[in-house]
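Asks: Provide a 3D model corresponding to the input given below.
(6 chains)
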Protein chains: 4
Amino acid sequence: MKSTLKRKTGISPTASRIAQASLQLFNQQGERNVTTNHIARHLAMSTGNLYYHFSSKEDIIQALYQSYGDRMAWLLAEADARRHSLEELVVVLDAVLQHQWDYRFLLQSSASLFPFNAQLRASYQKFEVEQIAVGIESLFLKLREDGLFEGSVAAIRMLAVHFQLLQAAWIAHPERAGQSAAADQVVEDGRRQLLAFLRPHIAPAWQAAFERVASASACLPALVALSGRLAGSERAALCY
Amino acid sequence: MKSTLKRKTGISPTASRIAQASLQLFNQQGERNVTTNHIARHLAMSTGNLYYHFSSKEDIIQALYQSYGDRMAWLLAEADARRHSLEELVVVLDAVLQHQWDYRFLLQSSASLFPFNAQLRASYQKFEVEQIAVGIESLFLKLREDGLFEGSVAAIRMLAVHFQLLQAAWIAHPERAGQSAAADQVVEDGRRQLLAFLRPHIAPAWQAAFERVASASACLPALVALSGRLAGSERAALCY
Amino acid sequence: MKSTLKRKTGISPTASRIAQASLQLFNQQGERNVTTNHIARHLAMSTGNLYYHFSSKEDIIQALYQSYGDRMAWLLAEADARRHSLEELVVVLDAVLQHQWDYRFLLQSSASLFPFNAQLRASYQKFEVEQIAVGIESLFLKLREDGLFEGSVAAIRMLAVHFQLLQAAWIAHPERAGQSAAADQVVEDGRRQLLAFLRPHIAPAWQAAFERVASASACLPALVALSGRLAGSERAALCY
Amino acid sequence: MKSTLKRKTGISPTASRIAQASLQLFNQQGERNVTTNHIARHLAMSTGNLYYHFSSKEDIIQALYQSYGDRMAWLLAEADARRHSLEELVVVLDAVLQHQWDYRFLLQSSASLFPFNAQLRASYQKFEVEQIAVGIESLFLKLREDGLFEGSVAAIRMLAVHFQLLQAAWIAHPERAGQSAAADQVVEDGRRQLLAFLRPHIAPAWQAAFERVASASACLPALVALSGRLAGSERAALCY
DNA sequence: TATGAATGAGTTTTCATTCAT
DNA sequence: GATGAATGAAAACTCATTCAT
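Replies: The predicted structure follows:
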């Protein structure tokens, strides 16, 4: 698992550069406002070369979506593996928020990306709905069985849906809460808000532990170290 | 307050027809995929005439945003006025969800509309942040003072933010929750989910009343009548 | 029947100009080497305007094919109506050759136009195969019944096919016979060659008349007059 | 004279493979739709390598034209050598038709290949006009002197031209005669049609022999054997 | 010989906007 | 108010060809 932007093992470094630059520009200026010419020019590269590596603009977005979904699924699996430690769960939450922030153009323009784009819709079904949504629901239900959450199965299911919606909405519209776009701040505030959202559903037995974790700043050395393990080197390569 | 699509009192009926058709097409096909030529053709009208009434495509969106914000602010005032009756509050919630659904293209593509669009950004600041967000927060704090909500001021503030995010996310991405696009269903499910979201924060004294309202179907005659008063004639004019 | 380049009654003069210019450029330089930019520039017109009148380059070719087929079918009907006069038949033959010469790019590049072009293939089936080919066969069989041709039905059927192939081949590759591209010369030589091709199949009773017509030059006043009636004013508008 | 695709004796087998693949793809998909990248990919070869062996796409077509013309001239010489046996003449005719079918893209798109292509035009002059056309005319005139054809020198000259045009048209547009693209069928029907075309010009003394040959199927062992000698090994190398 | 990434001019097409009538 | 033809800049994408290795 080197770089999540590599679609297959051995993808060319140029394709990787194109994907990275596209991600950066899409995030900064909006996918709509970034043309293939912009991307190529940004990389001091000919359009022809860009199209040598990707068959279309859609193909680039598709590849980005792929790598977004891949890592998202992996993070979900991590959360599942670490679900007995609240501290580690929060670290994963941070990593998820950071990841969504890294690919925020997808969350911000997914609605405008979908109409009349069969391929992306298909990917969306596969990743977002079938994997991510199912994974989050499953995680929440397990946490309920572990005793973390109180409430009926139906209630926890709904909680999972709301959690996912809030997560995405937070990333897509941080400015709605009067937030400027400093990455770390978005992640930290996001964590705080999501934890606040979950608080009423935490079982009494866990509340003390929950408050301890919730009030801890992101800078605790242990968390940082763990976070490093999760989100480490490859992120540096992807995000501007 | 006849039609919320009129920018000023006495605006031409043609401009109104243009705005209505644009809203319909934007919602159905995505703003990105609807050209000014489409709109004009849809109205069996010349492009030139369209540009006689609106100075640009952006101007149309601006007008739609205006009318969206106007009614939104009015609904918020209604909620404030009716905040002593849970039944009526829910009616307003329905009206808000319906209104957001009517203008869903704004919620779905706001992120992709903003970059490099100073005017829209300004409107956004004015309406969404200064009015709507402030209004919701203020409403929630008043409801807290009325005894409906339990929690610290900070907690209720956060609740208001989450409430607004969830509302918007629910409208913008109904498919994320496996929801098909049947308007009435979206509204009804949205109400149910938002109430479920609020439930943990309802003070014990109100819980019985809350459950009564939450379990009531949308078809209770009284509610319908009230809803009619709220969402009445102008909606018929706007929505196909 | 004003101009065969008008697809419907009342087509805009600009669309007509585009079609005419395209026909001229396609004939002169080959469809392959003529871009929509060339056409627009040739008419001192913006590309956008060209695409306002035709939805694609294919659409232009389609329109040309349409008008080619329309007039071709009409000429065939004329031939049928005049089949009792050899003189008049020859006049129609001239008109057909002239018409094919006017649209020679179609005959020259039909093979390269077809692959992967469903619409044109369909038009081709409709016009060339179902109308023209059937029409020529039917004409030849009637002429056989009139006593002009000798031979079995099968033989005359084959004669009709060969006649059509020769006609097209003559227009498509006049240079193959060492012919320069002077329009009138192509037509006159084509007529002579096609008549020579038919000669062996003429029944003895008609041979004297046939030779008289075959040896007559194209300039006989009567023929010219008749030809004028057939191929008259609209040709001037179409062909450079 | 090993492979007609070798431009000089001893040309590299790679160049040969390129020419063969190009021929195949041009025939199947039309020269217009086959890019040099297609050809290279089809051969699992790099573009660079293709351009090492041929200086341009035109160069490939040129080479194909060369080998087409070479074999055509050779077949014509064969026809001349065998002109005293009708049976053998027909075998040569079959070989010619097969050869033209093997290179049908040239006949189908010659018109669209010529404009602005000086080299090809030159080749065309050299092969088609100076050699093939002259050769066919000379053959027909000799056959006239041998007593096979009746008619004036001028008439036989015209017959030769028509024969060549029909041959090419038959190959270039088999669909024009409602013919599907099965190679053997095209050849067989072509022979039948061309013989029917010649029939009226056969001198009475030869008619019995002519009918015998014309009605013989292509499968007579002797013919097949002879055909093998004519069209043998090199065809296997050229055609997919 | 061979590779394959890179080039760049060109192609079709789109669309917000203008303008003469 | 209304028409609709016209504009032009820019978008996505293609492809013959080159070049460093």
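
Asks: just the helices in chain A please.
Replies: Ranges of helices in chain A, per DSSP state H, are A:13-29, A:36-42, A:47-53, A:57-81, A:86-102, A:104-113, A:118-124, A:134-145, A:153-172, A:183-198, A:204-215, A:221-238.

Asks: now the first one: average pLDDT?
Replies: Here the mean pLDDT over helix A:13-29 is 95, rounded to a whole number.

Asks: could you dump that helix to PDB, C-alpha only?
Replies: Provided in PDB are the C-alpha atoms of helix A:13-29 (Å, rounded to 0.1, in the frame of the first residue of the first chain):
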ATOM      1  CA  PRO A  13       4.800   8.300 -12.100                       C
ATOM      2  CA  THR A  14       3.400  10.700 -14.600                       C
ATOM      3  CA  ALA A  15      -0.100   9.400 -14.200                       C
ATOM      4  CA  SER A  16       0.400   9.800 -10.500                       C
ATOM      5  CA  ARG A  17       1.500  13.400 -10.900                       C
ATOM      6  CA  ILE A  18      -1.500  14.100 -13.100                       C
ATOM      7  CA  ALA A  19      -3.900  12.600 -10.500                       C
ATOM      8  CA  GLN A  20      -2.300  14.600  -7.700                       C
ATOM      9  CA  ALA A  21      -2.300  17.800  -9.600                       C
ATOM     10  CA  SER A  22      -5.900  17.200 -10.600                       C
ATOM     11  CA  LEU A  23      -6.900  16.500  -7.000                       C
ATOM     12  CA  GLN A  24      -5.200  19.700  -5.800                       C
ATOM     13  CA  LEU A  25      -6.800  21.900  -8.500                       C
ATOM     14  CA  PHE A  26     -10.200  20.300  -8.100                       C
ATOM     15  CA  ASN A  27     -10.100  20.900  -4.400                       C
ATOM     16  CA  GLN A  28      -8.900  24.500  -4.800                       C
ATOM     17  CA  GLN A  29     -11.000  25.700  -7.700                       C
END
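
Asks: which strands and helices sit next to that helix?
Replies: The helices and strands touching helix A:13-29, judged by 3 or more CB pairs under 8 Å, 6 or more residues apart in numbering or on different chains; DSSP states H and E, are helix A:36-42, helix A:47-53, helix A:57-81, helix A:104-113, helix A:221-238. Yep, even glycine has a C-beta here, placed from its N, CA and C like the rest.

Asks: the second one near chain D at all?
Replies: No. Residues of helix A:47-53 are not located near chain D by CB under 8 Å from any CB of the partner chain, the shortest gap being 9.7 Å.

Asks: quick one: mean pLDDT over that helix.
Replies: Computed over helix A:47-53, the average pLDDT equals 97.

Asks: buried residues in it, which are they?
Replies: A:50, A:53 (16 or more other CB atoms under 10 Å in any protein chain shown).

Asks: give me the neighbour count for residue A:125.
Replies: Counted with other CB atoms under 10 Å in any protein chain shown, residues neighbouring residue A:125 total 12.

Asks: where does chain A dip in pLDDT?
Replies: Judged by pLDDT under 70, chain A has its weakly predicted residues at A:1-10, A:114-118, A:174-181, A:217-240.

Asks: show me which residues of chain A sit near chain B.
Replies: Within chain A, the positions near chain B by CB under 8 Å from any CB are A:29-33, A:108-112, A:115-116, A:128-129, A:133, A:155, A:158, A:161-162, A:164-166, A:168-170, A:172-173, A:175-178, A:193, A:196-197, A:200-201.

Asks: coming back round to it: so which of the helices of chain A is nearest DNA strand E?
Replies: helix A:47-53 (1.6 Å; CB to the nearest atom of the strand).
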